[in-house]
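Asker: Any chance you can model this:
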Amino acid sequence: MRLAFDLDGTVADMQSALAREARRLFPGIDPAFLPRSTAPGTGPDAADSPPAEESRLSIGHLSSRQQRELWKTVCDQENWWETLAEIEPGSLARLYRLVQDRKWELMFVTSRPETRGETAQTQSYRWLAAQGYETPSVFVVHGSRGKIAAALALDILVDDRPENCLDVALDSTARAILVWRGEEAKIPASARQLGIGSVATIAECLDILESLDRHEAEEPGMLDRLKRLLGLKSPGPRTSNRGVASAASPAAPTTR
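Answerer: Okay, the predicted model is just below:
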């Protein structure tokens, strides 16, 4: 299989890092408007975590001036992308083991802006290696993820942004898997017919990919197997019990 994973919001916790910068820059700002981590709560305070819809707040809730100031501050810092935490610790190390065992071809795609220090590509490479994914292949790309998926001849792209998954469904023959850590009911629904399935965690995604690969020789048709593993109807119109639709992009630079 040829796979691609998005970085920020999918495996890298950019939201928490942006929130820290925003609190420092705008100390009087209402915390409700700050970016929230997408990492699942695991500690004793997990029950007190914000509602799922709040967990997807982004810098789009800041004013345009605040967004520009925030990103300028980020880009002025040396090797800022290497400071991020892994959303699900251990998931990238597991992904690396699967890639080696299953002989998958995997790359990471991102639209990260440049900061001081090393290039965004080099920072991403070093960050991935530090999390346990050795010798990663990283593409810093811009534009339609669907066209990128087509150009890279991908089978599957994993992303946390609904609009990127839509691009993949519309502009390529690849399948998109949406990583959605909020409430299932909150997943946008206008593109259910496109058959974009979703997972709540990277761990769940890896379980599906591993199962898909394990049974490849036993069941015909990778796309049909993927649909079944994601709970999608097949054959017939592509529908999903966890559909997605496009979402508005923030005014600040996107990094997915």
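Asker: Apart from its chain neighbours, what residue comes closest to F139?
Answerer: Counting by CB to CB, 6 or more residues apart in numbering, the nearest residue to F139 once its immediate chain neighbours are dropped is V109, at 4.9 Å. (C-beta placed from N, C-alpha, C; glycine too.)
Asker: Then I148?
Answerer: V141 (5.2 Å).
Asker: can you check M14 too?
Answerer: Counting by CB to CB, 6+ apart, the residue nearest M14 is D8, at 4.0 Å.
Asker: How about the one you found: which residues does it bridge to?
Answerer: A12 (DSSP bridges).
Asker: how far away is it from A189?
Answerer: According to CB to CB, to the nearest Å, D8 and A189 sit 24 Å apart.
Asker: Looking at the two, which is more packed in?
Answerer: Shown here are D8 and A189; by other CB atoms under 10 Å, D8 has more neighbours (24 against 12).
Asker: what does the model give the more buried one for pLDDT?
Answerer: pLDDT for D8: 97.
Asker: from memory it sits against P113, does it?
Answerer: No. Using CB atoms under 8 Å, D8 is not in contact with P113; the gap is 11.0 Å.
Asker: before we move on, which element is V109 in?
Answerer: Assigning secondary structure by DSSP states H and E places V109 in strand 105-110.
Asker: now the angle from the helix or strand hosting D213 to strand 105-110?
Answerer: Applying DSSP H and E as the criterion places D213 in helix 202-214. Helix 202-214 runs at 150 degrees relative to strand 105-110, counting by axes from the mean of the first three to the mean of the last three CA atoms, to 10 degrees.
Asker: neighbours around the nearest residue to T10 once chain neighbours are set aside, how many?
Answerer: Distances taken as CB to CB, 6+ apart place D160 nearest to T10, at 4.6 Å, with adjacent residues excluded. When neighbours are counted by other CB under 10 Å, D160 registers 22.
Asker: Just read off the phi/psi values of D160.
Answerer: phi -100, psi 0 (degrees, to the nearest 10).
Asker: any idea how far it lies from Y125?
Answerer: In terms of CB to CB, D160 sits 20 Å off from Y125.
Asker: hang on, the earlier thing: could you check the pLDDT of the residue nearest to T10?
Answerer: 93.
Asker: F5 contacts V99, doesn't it?
Answerer: No. Contact criterion CB under 8 Å: F5 and V99 do not qualify, at 10.4 Å.
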